[in-house]
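Trainee: Show me how the following folds:
(one chain, ligands or ions: 1)
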Amino acid sequence: MDKIWVNSADSHYLEPPDLWTSNLPKELAELVPRSEKDPDGEWETVHVDGQAFRRKLPTSAAVKFVEDSMKPQGARDPVARLADLDKEGVWAEVMFASLGMWNACFRTRELLRQALRVNNDWTRETFMKASPRFVVTAQIPTLVVEDAIAELQRCAGLGFLVAALPTRPHPSQEDYNHKLWDPFWSAAEEAGMVVSFHIGSDPVDPTRQRYAGLVYRGPGGAVLNYAESTFSGQRVAMKMVVSGALDRHPNLKVLVAEGGASWIPFIGDRMREGYRQHHAAVRPKLSRDPKEILYDQVYTSFQHDESAVASYTAMGYDKVCFGSDYPHMEGTFGHTQQTLAELFENTSESVRYRVTQGAFLELFPGVPPVPADTSVIA
Ligand code: MN
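Mentor: Have a look, this model is predicted:
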């Protein structure tokens, strides 16, 4: 059977272990996340930006799971990565960070600003210069709006097409539904930069949570935590819509990565109902229906979700993109073609094209499309 070629709106690179320590001034390098293991190997102390917390080290099975997830050489090496993409049938991909996913935990302005700048320079040198198939996200510091605008504009000038913000800024900063973020949305709209939010990147309180993303313990914990991480993407999409941020910036496009797609019709219905039934209390008023704004300006990515294609075919939401989540274990690396074959078994050619390539190209018109003759690739 012919390969199904796809663009991925959710993939990851892995930062080199010394990226920050060798490129930041000493006083800042000391603040980047590091771990000190106890001599008995059972516990460790994690230091993050002057905050420290203790945690029991994961079992060997959990360690292996995380290590396997980071194993592919392509996580850091663009040549190995292109070989993996060709084999999997993935053409272009939006690339998010790994360690940088926790940047909303940083509380020192200068640390966040410089660490993300170093990161963005490294990804540009390593991946963007290697191939236009690598659509690398520019990591944006969100402690101070002026810093966010400055890094967005610097990265737009360097050729980045998409900015990545955590699903919530640090608690010391106002959330994205506040007006003080408006100059940032304007800057993104003017620069033609897509604004992306990868699920599960909310700030973590290191004194209360053992580890980023681990909210639940006990029976069902693994699945509860996995599903819980999704809600952060839904919350930020709602904030962008009902605060009027997207209404005031109709050319701004948002990508919520890795959270599936079928929540969009659901959240759209809830916001439409709330806007209409609670109209007397609603501020600000919007020039368009909230569900319409959500459908128009918010793109999503999914990897295995069986309901994602139906959110387009049955519920009219057409901003659905596939995402391989390479190289993570919850993604499709190693079985992308099998997953795609199952997802599109009973759909038309045009539906398949829309989800595998069309929505992605609408979001990133500057990215080269899959070549007409793919036999030259793999
Ligand atoms: Mn991902």
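Trainee: and this protein, which residues reach the ion?
Mentor: Counting by Cβ under 5 Å from the ion, the residues of the chain close to the ion are 10, 258, 325. For every residue, glycine as well, the C-beta is placed using N, CA and C.
Trainee: Please pick the buried ones from those residues.
Mentor: Restricting the residues of the chain next to the ion to buried positions leaves 10, 258, 325, with burial counted as 16 or more other Cβ atoms under 10 Å.
Trainee: Now, these that are in strands?
Mentor: Members of those lying in strands (criterion: DSSP state E): Asp10.
Trainee: okay, and for this structure, where does confidence drop off?
Mentor: By pLDDT under 70, the weakly predicted segments of the chain are 1, 58-70, 206-214, 378.
Trainee: Can you give me the buried ones in the host helix or strand of Leu112?
Mentor: Assigned by DSSP states H and E, Leu112 belongs to helix 109-123. For helix 109-123, a neighbour-count test (16+ other Cβ under 10 Å) marks 110-120, 122-123 as buried.
Trainee: Just give me the closest of those to the ion.
Mentor: Nearest to the ion out of those is Thr123 (Cβ to the ion; 15.2 Å).
Trainee: what residues are up against that closest one?
Mentor: Contacts here follow Cβ atoms under 8 Å, 6 or more residues apart in numbering; on that basis Thr123 touches 13, 95, 136.
Trainee: Buried ones among those residues?
Mentor: Going by neighbour count (16+ other Cβ under 10 Å), those have 13, 95, 136 buried.
Trainee: Kindly indicate whether the last one is helix, strand or coil.
Mentor: It stands for Val136. With DSSP: H, G, I helix; E, B strand; the rest coil as the basis, Val136 sits in strand.
Trainee: part of a strand, is Val46?
Mentor: Yes - under three-state DSSP, Val46 falls within a strand.
Trainee: So what pairs up with it in the strands?
Mentor: As for beta bridges, Val46 partners with Ser35, Phe53 under DSSP bridges.
Trainee: Helix, strand or coil: sort out the spatially closest residue to Asn251 that is not a sequence neighbour for me.
Mentor: Of all residues not flanking Asn251 in the chain, Glu189 sits nearest, at 5.2 Å (Cβ to Cβ, 6 or more residues apart in numbering). What three-state DSSP gives for Glu189 is helix.
Trainee: quick one, what contacts Glu189?
Mentor: Counting by Cβ under 8 Å, 6+ apart, Glu189 has contacts 249, 251-252.
Trainee: His279 versus the residue in the stretch 1-150 of the chain that the ion sits nearest to, what's the distance?
Mentor: Nearest residue of the stretch 1-150 of the chain to the ion (Cβ to the ion) works out as Asp10 at 4.3 Å. Distance, Asp10 to His279, using Cβ to Cβ, to the nearest Å: 36 Å.
Trainee: do Lys37 as well
Mentor: Distance of Lys37 to His279, computed by Cβ to Cβ: 57 Å.
Trainee: Asp77 too?
Mentor: To His279, Asp77 is 55 Å away according to Cβ to Cβ.
Trainee: Please apply the same query to Glu146.
Mentor: For Glu146, the distance to His279 - Cβ to Cβ - is 36 Å.
Trainee: Check Val223 too.
Mentor: 38 Å.
Trainee: Also Ala29?
Mentor: Counting by Cβ to Cβ - Ala29 and His279 are separated by 53 Å.
Trainee: Looking at these two, which one has more neighbours?
Mentor: Ala29 (17 against 9; other Cβ atoms under 10 Å).
Trainee: what's the nearest residue to the more buried one if we skip its chain neighbours?
Mentor: Nearest residue to Ala29, sequence neighbours excluded (Cβ to Cβ, 6+ apart): Thr21, at 4.6 Å.
Trainee: Secondary structure element holding the one you found?
Mentor: Thr21 belongs to no helix or strand, assigned by DSSP H and E.
Trainee: Just give the number of residues close to it.
Mentor: By the measure other Cβ under 10 Å, the count of residues near Thr21 is 14.
Trainee: do you know how far it is from Leu31?
Mentor: In this view, Thr21 and Leu31 are 10 Å apart by Cβ to Cβ.
Trainee: And Tyr353, by the same measure?
Mentor: Distance of Tyr353 to Leu31, given as Cβ to Cβ: 47 Å.
Trainee: One more: Arg352?
Mentor: Arg352 is 47 Å from Leu31, where distance means Cβ to Cβ.
Trainee: One more: Pro284?
Mentor: For Pro284 relative to Leu31 (Cβ to Cβ), the value is 38 Å.
Trainee: Looking at the two now, which is surrounded by more residues?
Mentor: Leu31 (21 against 11).
Trainee: I figured Leu294 hits Val236, correct?
Mentor: No - look at Leu294 against Val236 with Cβ atoms under 8 Å: they stay out of range, at 11.9 Å.
Trainee: and Tyr312, what does it touch?
Mentor: The contact partners of Tyr312, taken as Cβ under 8 Å, 6+ apart, are 261, 318, 320, 351, 354-355.
Trainee: can you rerun that using 7 Å?
Mentor: Contact analysis of Tyr312 by Cβ atoms under 7 Å, 6 or more residues apart in numbering lists 318, 320, 351, 354-355.
Trainee: Many thanks, I have nothing further to ask.
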